[in-house]
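Only the shape, not the letters, is given here:
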């Protein structure tokens, strides 16, 4: 891989590993989950829509694909971004980031539900078992009080992140990334605008909170998609999805460094199990695999597979 490829890979590993930290800062302010999601989506849409319009044919694309685009927006953004943000009112950013690392594992199961008849094999079954063991180690200490609800919200987020790319792979593979992402972000901003207005803070948030909101919208949403497109062009769709395994480590490190979150033995064990399980569960069947079994990736023409994903937290 070239120096430019390594730079983009490192950038994406950080960019999609820090949203959990920024969300935690915002909800602890405290800002409402609706306002956090609205601000993130609105900033992302404002920055990306001009580029999507510049490509031409955006209205035609939306008219032709509005049903799967609506489903994608609801399952990838409108639902999961709220449940994840609300969950972080009670869970640490480290815990949330590690739980989201289970997305590739759930993606394998959801792919079969969507009709992927590929045989799992012993290696992938072992990966599923390891990953689920890691999730269990991480969640058991939190199965009391408000934490139980928050865990359920994160699991709903994981389910959405694992399902939405399957919709994109089947129905939106010919839609350019910007023309898919920008309208979906705009729709999410419209949906959350009323709730955000009702819960708007009475005073201006602190500079730290404002910086977190700006980072979520500008860096973790708008810039992230542009950088990932460049990464795909540089290293290809398959290798670019490896960032899925880097993001949780960044989330844990960021929580420890900036929020003083504990790095316990349980977190270390859970991270190891989830990471190993994700790698094994999403491993391809070998050189003879079908083209359709490649990992999900975002490109100008949405090169995708049915049993993996790259999520935007």
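In hand now; what should we look at? All values reported here derive from a predicted model rather than from experimental measurement.

Quick one: the helices in the stretch 51-200 of the chain, in order.
In the stretch 51-200 of the chain, the helices defined using DSSP state H, counting those that start in this stretch lie at 58-73, 80-87, 93-100, 103-113, 121-139, 145-171, 177-198.

Specify the stretch among those that is closest to residue 45.
Residue 45 sits nearest to helix 177-198 of all the helices of the stretch 51-200 of the chain, at 4.0 Å, using CB to CB. Heads up, the C-betas are built off the backbone N, CA and C, glycines and all.

Can you list the buried residues in that closest one?
For helix 177-198, burial by neighbour count (16 or more other CB atoms under 10 Å) applies to 177-189, 191-192, 195-196.

And the helix or strand just after that helix, what does it pack against?
Using DSSP states H and E, the helix or strand that follows helix 177-198 in sequence is helix 207-214. Using 3 or more CB pairs under 8 Å, 6 or more residues apart in numbering; DSSP states H and E, the elements in contact with helix 207-214 are helix 19-27, helix 33-55.

Can you convert those helices into TSV and add a column each for distance to residue 102, mean neighbour count and mean pLDDT?
Conversion of those to TSV gives the following (distance: least, CB to CB, whole Å; neighbours: other CB atoms under 10 Å; pLDDT from 0 to 100):
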stretch	distance to residue 102	mean neighbour count	mean pLDDT
helix 19-27	14	27	94
helix 33-55	21	21	95
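
and those helices as a markdown table, adding distance to residue 163?
What follows is the helices and strands packed on helix 207-214, written out as a markdown table (distance: least, CB to CB, whole Å):
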| stretch | distance to residue 163 |
| --- | --- |
| helix 19-27 | 20 |
| helix 33-55 | 19 |
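
closest to residue 263 out of those?
Nearest to residue 263 among the helices and strands packed on helix 207-214 is helix 19-27; the distance by CB to CB comes to 14.3 Å.

sorry, back to before: winner for burial among the helices of the stretch 51-200 of the chain?
helix 93-100 (a mean of 28; mean count of other CB atoms under 10 Å).

what's next to that one, contact-wise?
Contact partners of helix 93-100, identified using CB atoms under 8 Å, 6 or more residues apart in numbering, comprise 17, 20-21, 23-24, 84, 87-88, 134-135, 138-139, 142, 151, 154-155, 157-158, 161, 247-248, 250-252, 254-256, 259, 261, 263, 267, 270-271, 274, 311, 313.

what is the orientation angle of that helix with helix 145-171?
40 degrees (axes from the mean of the first three to the mean of the last three CA atoms, to 10 degrees).

contacting residues around residue 51?
Counting by CB under 8 Å, 6+ apart, the residues that residue 51 touches are 178, 182.

try it again with 6 Å
Listed by CB atoms under 6 Å, 6 or more residues apart in numbering, the contact set of residue 51 reads residue 178.

can you check the one 10 residues further on too?
For residue 61, the residues meeting the contact criterion (CB under 6 Å, 6+ apart) are 175, 179.

Could you measure from it over to residue 173?
Relative to residue 173, residue 61 is positioned 13 Å away (CB to CB, to the nearest Å).

returning to what we had before: quick one, which of the helices and strands packed on helix 207-214 is nearest to residue 123?
Nearest to residue 123, of all the helices and strands packed on helix 207-214, is helix 19-27, at 29.5 Å by CB to CB.

quick one: least confident helix or strand in this structure?
Of all helical and strand segments in the chain, the minimum by mean pLDDT, DSSP states H and E falls on helix 237-240, at a mean of 50.

need the next SSE after that helix, C-terminal direction.
Once helix 237-240 ends, the next helix or strand along the chain (criterion: DSSP H and E) is helix 247-259.
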